[in-house]
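**Student:** from the sequence below, what's the structure:
(2 chains, ligands or ions: 1)
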Amino acid sequence: MDPAELLAAYEQMTIIRRTEKAAHDLFLQGLVKGTTHLAAGHEAIAVGASAALRPGDYVFATYRGHHHAMARGATPEECLAELMSRATGLCRAKGGSMHLTKASTGMLGSYAIVGAHLPMAAGAAWSAKLRGTEQIAVAFFGDGATNIGAFHEALNLAAVWKLPVLFVCENNLYMEYTPIADVTAVPRPAADRAPAYGIPGEVVDGNDVVAVQEAVARLAGRARAGDGPALLEAQTYRHFGHSRADPAAYRPAEEVERWLKHDPLDLARGRLAELGVPEAVVTEAAERATSLVHKAVEAAKAGPEPDPREAMTDVWADGGAAWRT
Amino acid sequence: MADVISYREAVAEGIAREMRRDPAVVCLGEDIGAAGGVFKTTVGLRAEFGPGRVWDTPISEQAIVGAAMGAAMTGMRPVAEIMFSDFLACCWDYLANEIPKVRYMTGGQVTVPLVVRTANGGGLGFGAQHSQATENWAFTVPGLKIAAPATPADVIGMMAAAIRSDDPVVFFEHKGLLATKGEPPPPDHVVELGHAAVVREGADVTLVALASMVPVALKAADVLAGEGIGAEVVDLRCLVPLDMSTVLASLGRTSRLVTVEENPYQGGWGATLVSVVADEGFALLDAPVRRVAGECVPLPFADVLEEEVIPTVDKVVAAVRGLAAY
Ligand SMILES: Cc1ncc(C[n+]2csc(CCOP(=O)(O)OP(=O)(O)O)c2C)c(N)n1
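**Tutor:** As a prediction, the model looks like this:
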């Protein structure tokens, strides 16, 4: 990444971090119902990967997907409005935090059933191959998903069909509350499985936006060239608990401290300094991000509630929901 | 084209017609390519369209249906085969949680125009894990269209409608009907989903049946005619959209209703159908409704046991006789 790209990535990560913080605060104020799975700490994966993708590429994410939606073009306002059940939300308040989707930019959804979207990403890649486009598909998922059947079915299918798809694992060391190491037969839950499918399995520092961008760019290049899928394990840490109900008391204090010191935003700032970008310029970017999110919160709050009749639309392609004549 | 076509051949013919007219139609499934499918329902497709459009998959039901979904979301019209409908349970997440919900929960951003085809039902002695009539599983999930043709012509016409549908369709091909024959339909024959057919007229009782139960109901109607009872037979063809207009219109003529279902009584589609009748057509009825359905047991192996469990002509006749005298 050149300095301008890295600065843009830093600003984008800061926007995501501030939006996550806003989501957290709005939840505490009772303005977000249900739950949220914050991705604070994971920003570099979404932003680094997106920096390596083309506009037409497909992305599939999990319930922990705010960062992917925003990295792929959803605005903080659209996302927060969705969380606050506003008609102006990204999915017109029918999706909620766990289902952020922006199809117009190729962000084809956030799925709350662990691992379910991996075969879908393979299918989108298959479709790209059938249509002869140069698109690729990327599935982002957690370490916990590596133990579910759909993960293994998707990897094998993608490998035998040589599909242009990247499987990017965000290994944050925990599934919900259980350390992934306690329930997984191999030390690196994603990368160590790759040899079983004859595909590359790499590990990257998931908090280093440049390292992620480089790894994804390389694997995406392979995929576009027709060399098939790859598995990338991005090591990271979530700053909050699993979801809103979880204070994450099960994590050792020194582990938390070590990872918080390895914060993606700080790392990016360090790299910007190394590239000679003046501190004031970086601070300005952070301030822009803060003010953008502040405005987004106010605008989202001002959005109207959905018309209750909207509950009966969008089941079918004709826009309706009729199941009988 | 030959002057008769089997139900089995009609499946491949129906798919082939759509593959010829629309390059976005692609097939995937286990053994569907060179092998032509375990039920020989995809014979000839690989030879005509090549491996670039007819894809053999590993035994990975989740990957088959999940990949079909991803492809459908991105411009293709995949036709996925799940070999036996019992195996839908292996990819149930896709049918229950993913495919039918993505359009709704994204506020209409994404459509999923795919067909999941599967061999359904009993009658061939395959035992409890290869013989279930599972259309009710799909019927519990808002967001899936459900087709279950009873004749070769309907297989072709409904396949065209299913593949052209912008919504996901689960297409149940009945194993017990694969060898049956009928007239091949003309080119571009399309049977829109959600239109039931009155396949026999009668003034005394309406028999509503689906797929393999249509010939059972028709035979029962023959027997009943000999006894002076006129049975009208409605072939429902689809569960979603459910053509209640045709059912209610028939009841207006007959005032008596019997559903004939292969699936277990417990949770069967007939229960939904008669509840709509009770709600909206109560005044049309001159007698209680009856449901002739499968027993609530896993499907047994031996013929005599299987017959005990699923509806037969005799059981339908007995149910109607009781009602006619009511
Ligand atoms: C099939 C399925 N089983 C269980 C759950 C409940 N659940 C939600 S998140 C989660 C943990 C997933 O951990 P991981 O894949 O590591 O992702 P992370 O939350 O760390 O991003 C579980 C068990 C689910 N949503 N889907």
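**Student:** all helices for the chain, in order.
**Tutor:** In the absence of a named chain, chain A is used. Counting by DSSP state H, one finds helices in chain A at the ranges A:3-28, A:43-52, A:66-71, A:76-83, A:117-131, A:149-160, A:209-224, A:253-261, A:264-274, A:279-302.
**Student:** wait, I meant chain B there
**Tutor:** Shown for chain B, the helices assigned by DSSP H span residues B:7-21, B:45-49, B:61-72, B:92-93, B:99-105, B:135-139, B:152-164, B:213-226, B:244-254, B:269-280, B:303-309, B:313-324.
**Student:** give me whichever of those helices is most buried.
**Tutor:** helix B:61-72 (a mean of 30; mean count of other CB atoms under 10 Å in any protein chain shown). Where you see a C-beta, it was placed from the backbone N, CA and C, and this is true even at glycine.
**Student:** that one near the ligand at all?
**Tutor:** No: contact of helix B:61-72 with the ligand (CB under 6 Å from any ligand atom) is absent, the minimum separation being 11.1 Å.
**Student:** average pLDDT across that helix?
**Tutor:** Helix B:61-72 carries an average pLDDT of 98.
**Student:** one more: stretch B:6-13?
**Tutor:** Summarised as a single mean, pLDDT over stretch B:6-13 is 98.
**Student:** contacts for it, please.
**Tutor:** B:5, B:36, B:39-45, B:117, B:151-153, B:155-156, B:159, B:173-174, B:177-182, B:184 (CB atoms under 8 Å, 6 or more residues apart in numbering or on different chains).
**Student:** buried only: go through those for me.
**Tutor:** In the contacts of stretch B:6-13, burial by neighbour count holds for B:5, B:36, B:39, B:41-43, B:45, B:117, B:151-153, B:155-156, B:159, B:173-174, B:177-178, B:180-182, B:184, counting by 16 or more other CB atoms under 10 Å in any protein chain shown.
**Student:** one step back: redo the helices of chain A as a markdown table? Include distance to chain B.
**Tutor:** Output for the helices of chain A, formatted as a markdown table (distance: least, CB to the nearest CB, whole Å):
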| stretch | distance to chain B |
| --- | --- |
| helix A:3-28 | 18 |
| helix A:43-52 | 18 |
| helix A:66-71 | 11 |
| helix A:76-83 | 9 |
| helix A:117-131 | 2 |
| helix A:149-160 | 4 |
| helix A:209-224 | 15 |
| helix A:253-261 | 32 |
| helix A:264-274 | 28 |
| helix A:279-302 | 15 |
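**Student:** ok, which of those comes nearest the ligand?
**Tutor:** The minimum distance between the ligand and the helices of chain A falls on helix A:149-160, with 8.6 Å, by CB to the nearest ligand atom.
**Student:** show me which positions of the closest one end up buried.
**Tutor:** In terms of neighbour count (16+ other CB under 10 Å), helix A:149-160 has its buried residues at A:149, A:150, A:151, A:152, A:153, A:154, A:155, A:156, A:157, A:158, A:159.
**Student:** of all residues in chain B, which one is closest to the ligand?
**Tutor:** residue B:93 (7.3 Å).
**Student:** and that residue, how far is that from residue A:155?
**Tutor:** Using CB to CB, to the nearest Å, residue B:93 is found at 17 Å from residue A:155.
**Student:** next one: residue B:222
**Tutor:** 55 Å.
**Student:** please apply the same query to residue B:288.
**Tutor:** Distance of residue B:288 to residue A:155, computed by CB to CB: 55 Å.
**Student:** isn't residue B:178 right next to residue B:43, touching?
**Tutor:** No: using CB atoms under 8 Å as the test, residue B:178 is too far from residue B:43 to be in contact (11.9 Å).
**Student:** about what we covered before: for residue A:178, find the nearest of the helices of chain B.
**Tutor:** Residue A:178 lies closest, by CB to CB, to one member of these: helix B:92-93, at 21.6 Å.
**Student:** tell me the pLDDT of the residue lying closest to residue B:107 once chain neighbours are set aside.
**Tutor:** Among residues not flanking residue B:107 along the chain, residue A:92 sits closest, at 3.4 Å (CB to CB, 6 or more residues apart in numbering or on different chains). With respect to pLDDT, residue A:92 scores 97.
**Student:** how many residues are close by residue A:92?
**Tutor:** 21 (other CB atoms under 10 Å in any protein chain shown).
**Student:** ok, now which ones touch it?
**Tutor:** Counting by CB under 8 Å, 6+ apart, residue A:92 makes contact with A:306, A:310, B:107, B:108.
**Student:** tell me the one of these nearest residue A:237?
**Tutor:** Using CB to CB, residue B:107 comes nearest to residue A:237 of the contacts of residue A:92, at 32.3 Å.
**Student:** that closest one touches residue A:314, doesn't it?
**Tutor:** Yes: between residue B:107 and residue A:314 there is a contact at 6.3 Å, judged by CB under 8 Å.
**Student:** joint contacts of the two?
**Tutor:** residue A:94.
**Student:** ok, residue B:234 to chain A distance?
**Tutor:** 13 Å (CB to the nearest CB, to the nearest Å).
**Student:** name the nearest residue to that residue, ignoring sequence neighbours.
**Tutor:** Nearest residue to residue B:234 in three dimensions, chain neighbours excluded: residue B:208, at 4.7 Å (CB to CB, 6+ apart).
**Student:** where's that neighbour relative to chain A, distance?
**Tutor:** In terms of CB to the nearest CB, residue B:208 sits 13 Å off from chain A.
**Student:** now residue B:249
**Tutor:** Distance, residue B:249 to chain A, by CB to the nearest CB: 11 Å.
**Student:** can you check the pLDDT for that residue?
**Tutor:** Residue B:249 carries a pLDDT value of 98.
**Student:** again, but for residue B:163
**Tutor:** Residue B:163 carries a pLDDT score of 98 in this model.
**Student:** ok, now the one 4 residues further on?
**Tutor:** Looking at residue B:167, its pLDDT stands at 98.
**Student:** kindly report the same for residue B:123.
**Tutor:** pLDDT recorded at residue B:123 is 83.
**Student:** and if you look at the one 5 residues further on?
**Tutor:** The predicted local confidence for residue B:128 comes out at a pLDDT of 95.
**Student:** could I get the contacting residues of it?
**Tutor:** Contact partners of residue B:128, counting by CB under 8 Å, 6+ apart, are B:298, B:299, B:300, B:301.
**Student:** that one and chain A, how far apart?
**Tutor:** 23 Å.
**Student:** returning to that earlier point: return only those of the contacts of residue A:92 found close to the ligand.
**Tutor:** Okay, of the contacts of residue A:92, nothing touches the ligand (CB under 6 Å from any ligand atom).
**Student:** from these, which would you call buried?
**Tutor:** Buried members of these, scored by 16+ other CB under 10 Å, are A:306, B:107, B:108.
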